[in-house]
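J.: Sequence plus the predicted model coming up.
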Amino acid sequence: MTTLPFGNGRHWLKPPAVKAPSPENKAEAVLYTIADDYMYTLRAVHRLSPIFQIWAHVVGEPPPINNISRIERSPVKVSVTTLSDSVACFRGVKRPYTDEKDGSSILIYVLNPAVTLVRDTNMVCLAKAAKLGNVALTVQVRPVKEVDLQPDRNPLHQGVITRLEFVPGESTNPVLPQRHGDRYDTRLW
């Protein structure tokens, strides 16, 4: 069975590649894709909120789903952000991650949206706005490794977004992940 795309021909499970500040130099931009297997796994287990949040907080636009314009008319406005709005960037997750025993190459971008999108059981639109408390949104990126490069050695993107996660916040402005010194190896900026 084929699924039809919504919103200008875009499919809600196929977000575009996104630009982000380079982990080495915040003034330079890098390009990341979003892992297909992450998106399809979320869909398979009916976790639609993280899919909507990727669109709203990483891509920087509402997800292309039916009647999403309803959200724009709600009294609570969703904090639309991109990785360019990150308040911090860390490297290393201090735990096993994909093919690494310590996750030392994993990048973590930190965002501070005040309002997010969550799944709604409403028949009109599958998403609704929800206010957030003192939490930080972390976006985890697996950088492209030397072995992943094509023969021309010019990658189409510099990393793959593999996870999105809200974690308890530690401070008030900007909100950083609680115990970030214990969670991550190095703060890059």
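T.: In hand now; what should we look at?
J.: Only C-alpha atoms from now on, for both contacts and neighbour counts.
T.: Fine.
J.: ok, the closest residue to residue 83 other than its chain neighbours - contacts?
T.: The shortest distance from residue 83 to any non-neighbouring residue, by CA to CA, 6 or more residues apart in numbering, is to residue 20 (5.0 Å). Neighbour list for residue 20: 29-32, 82-84 [criterion: CA atoms under 8 Å, 6 or more residues apart in numbering].
J.: Now name the helix or strand holding residue 19.
T.: Using DSSP states H and E, residue 19 falls within strand 18-21.
J.: Quick one: distance of that strand to the chain centre.
T.: 11 Å (CA atoms, centre = their mean, to the nearest Å).
J.: Can you show me the strands along the chain?
T.: 18-21, 29-34, 88-91, 107-111, 115-119, 127-131, 135-143, 159-168, 186-187 (DSSP state E).
J.: For residue 179, find the nearest of the ones you listed.
T.: Proximity to residue 179 (CA to CA) singles out strand 159-168 among the strands of the chain, at 9.2 Å.
J.: got the CA positions of the lowest-mean-pLDDT helix or strand in the chain in PDB?
T.: Least confident element among the helices and strands of the chain, by mean pLDDT, DSSP states H and E: helix 69-72 (a mean of 84). Extracted as PDB, the C-alpha positions of helix 69-72 are listed here (Å, rounded to 0.1, in the frame of the first residue of the first chain):
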ATOM      1  CA  SER A  69      -3.100  24.700  10.300                       C
ATOM      2  CA  ARG A  70      -5.400  24.200  13.300                       C
ATOM      3  CA  ILE A  71      -2.300  24.500  15.500                       C
ATOM      4  CA  GLU A  72      -1.500  28.000  14.200                       C
END
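J.: And that helix, what's buried?
T.: residue 71 (16 or more other CA atoms under 10 Å).
J.: helices and strands around it, which ones?
T.: Other helices and strands packing on helix 69-72, by 3 or more CA pairs under 8 Å, 6 or more residues apart in numbering; DSSP states H and E, are strand 127-131.
J.: which strands and helices sit next to the strand it packs on?
T.: Partner elements for strand 127-131 (3+ CA pairs under 8 Å, 6+ apart): helix 69-72, strand 115-119.
J.: which residues sit against that strand?
T.: By CA under 8 Å, 6+ apart, the residues outside strand 127-131 that reach it are 49, 52, 68, 71, 74, 76-78, 114-120.
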